[in-house]
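Q: Structure, please.
(2 chains)
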Amino acid sequence: MRGLIRSAIIGLAAALVFAGAAPVRAQDFPQLTGRVVDEAGILPGNVRADLDAKLAALEARNGDQLVVVTLRSLRGETIEQYGVALGRAWQIGQKDKNNGALLIVAPNERKVRIEVGYGLEGTLTDAASKLIIEGTILPRFRAHDIAGGITRGVDDIVRVLSGGSEDLQRRAPAVSPSPIDRVAAALGIPVALAYLLLAVVAVAVCALVGWLFVTLFVRRLVATGALPKRQGGYRRSNRQDPYQSANWTGLSTLPGASGSIGGFGGFGGFSGGGGSFGGGGASGSW
Amino acid sequence: MSYSAVAAARRRRFPIIAPTLAVLLGLLVSGCGINRIPTYEEQAKAKWSEVENQYQRRTDLIPNLVETVKGYAKQEREVLEAVTEARSRATSIQVTPDLIDNPDAFKKFQDAQAQLTGALSRLLAVSERYPDLKSNQNFLALQAQLEGTENRIAVARRDYIEAVRLYNTELKTYPGIFWAKLLYANNKPMAEFTVADDVKRTPQVKF
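A: Sure thing, here's the model as predicted:
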């Protein structure tokens, strides 16, 4: 017992030390206000609307999420580091397909990057991204036509992403689905339902254990005479109800039980669908 | 207090305390980290295989790149040989799953890859001097893929470092340390990339 307490104290101290030593990550991301996030304020309104329509059409066509973002600053990081972090923070692309991409422009650092999600790396390859940046975007940027470079660059990316069906089939599968995703895929049910099932099973197991405990223990106590026999059934109705309502409210606060399949953000808004990024794509500077 | 009052108090308390205890016990076992060590271990291993994957991808790109550069810049024999040599040294290291539990082998692997990184960036720097090579489509595509792969390696390494940090922390902190002593006595902390390797990644090229 003493050893346990000692290890607990040491562990607690170590936890404090490690909590202090945890690396500080860049958390400074612009808000994902739509498919075009013009933090640097370099895009005229009509260009933004035009881009937004193209990007929405792309997603409606094959589900790929492409987001254009202009940055006021790279926050002291390289555009490669910032791009992956931003893509992951915004979770662009659908969770099971990771089919998101970002066109990132940092005018103050004169850097541009196409950041490609895991699932699109086979379609929008590094070489294709490089070609778009070097051949389409940078010449216009160098001629001080930022809006034109972005618009034509988006056109090219959309063209590559809308390539033939064989392109679509070549796409790599999601890199590491979580166990619950795999279970859901094996059973052929939506992920949210799998979470719900898991929650129900967990509650059921807890309830069963509690019930067994109560039944056996109380029965033994009753048998030995330590506890008087129950009389009447009123207690059942009194006691069950709070439990059931507690279970139900508990269930609804469990993560995942609310059923966010996500991706397209109802109500006209826009949000990422849980896609992830692994550093694919290409960068350039002008 | 009369007997019946005591019994009533017991009756009131019991059906609430017992299931609560049972639920708490269940939560303790499943919620308080009994699964966290193997989970983090698997995550770190998965991240490591991604690192390996990307290094392998780079290794696969090299012969093609060397051939392409050779076609335009034969006189850069020294640089080309350095790349080929570094590649064969890197591939000669057996990559086994227990590499991450073995600090010595891990360091060897890491050093060999760092050397290859240095040789490759020298080759790409030298290529800048050959306009014909620079405008060759094949070379451009290879260069883009190599840059992308280097970036993926960097991302995969960062992810691995983070996963290992979580795992190693879990092994050393409460409540993980308790489960580690009790159930996972064979789990060792995993090797991390040293900072020195990251510094080595960007060698100075002077002409």
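
Q: Quick check: which ranges of the stretch 1-150 of chain A have low pLDDT?
A: Under the criterion pLDDT under 70, the flagged ranges of the stretch 1-150 of chain A are A:1-27.

Q: buried ones in the helix or strand hosting residue A:148?
A: Residue A:148 belongs to helix A:146-161 when elements are defined using DSSP states H and E. Applying a neighbour-count criterion of 16 or more other CB atoms under 10 Å in any protein chain shown, one finds A:146-154, A:156-158, A:160-161 buried in helix A:146-161. Every residue, glycine included, has its C-beta placed from N, CA and C.

Q: out of the residues you listed, who's nearest chain B?
A: For these, the closest approach to chain B (CB to the nearest CB) belongs to residue A:160, at 13.6 Å.

Q: coming back round to it: for chain B, tell me whether the helix holding residue A:148 is touching it.
A: No - contact check for helix A:146-161 against chain B, using CB under 8 Å from any CB of the partner chain: none in range, with a minimum separation of 13.6 Å.

Q: Keeping just the C-alphas, turn that helix into CSV.
A: Only the C-alpha atoms of helix A:146-161 are listed here, as CSV (Å, rounded to 0.1, in the frame of the first residue of the first chain):
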residue,chain,number,x,y,z
ILE,A,146,-2.7,38.0,-57.0
ALA,A,147,-6.5,37.5,-57.7
GLY,A,148,-5.8,36.2,-61.2
GLY,A,149,-3.1,33.8,-60.0
ILE,A,150,-5.4,32.4,-57.3
THR,A,151,-8.4,32.1,-59.6
ARG,A,152,-6.5,30.3,-62.4
GLY,A,153,-4.7,28.2,-59.8
VAL,A,154,-8.0,27.1,-58.4
ASP,A,155,-9.2,26.3,-61.9
ASP,A,156,-6.2,24.1,-62.5
ILE,A,157,-6.6,22.3,-59.1
VAL,A,158,-10.3,21.7,-59.8
ARG,A,159,-9.5,20.4,-63.2
VAL,A,160,-7.0,17.9,-61.7
LEU,A,161,-9.4,16.9,-59.0
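
Q: Run through the neighbouring helices and strands of that helix.
A: Where contact means 3 or more CB pairs under 8 Å, 6 or more residues apart in numbering or on different chains; DSSP states H and E, helix A:146-161 is packed against helix A:45-62, strand A:65-70, strand A:100-106, strand A:111-117, helix A:138-142.

Q: Could I get the ones you listed in a markdown table, plus columns for distance to chain B?
A: Written out in a markdown table, the entries for those read as follows (distance: least, CB to the nearest CB, whole Å):
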| stretch | distance to chain B |
| --- | --- |
| helix A:45-62 | 22 |
| strand A:65-70 | 18 |
| strand A:100-106 | 13 |
| strand A:111-117 | 9 |
| helix A:138-142 | 13 |
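
Q: mind listing the helices in chain A by residue range?
A: Shown for chain A, the helices assigned by DSSP state H span residues A:2-21, A:45-62, A:79-90, A:126-131, A:138-142, A:146-161, A:165-169, A:179-187, A:191-224, A:234-253.

Q: pLDDT below threshold where in chain B?
A: Counting by pLDDT under 70, the ranges of chain B that qualify are B:1-15, B:26-33, B:194-207.
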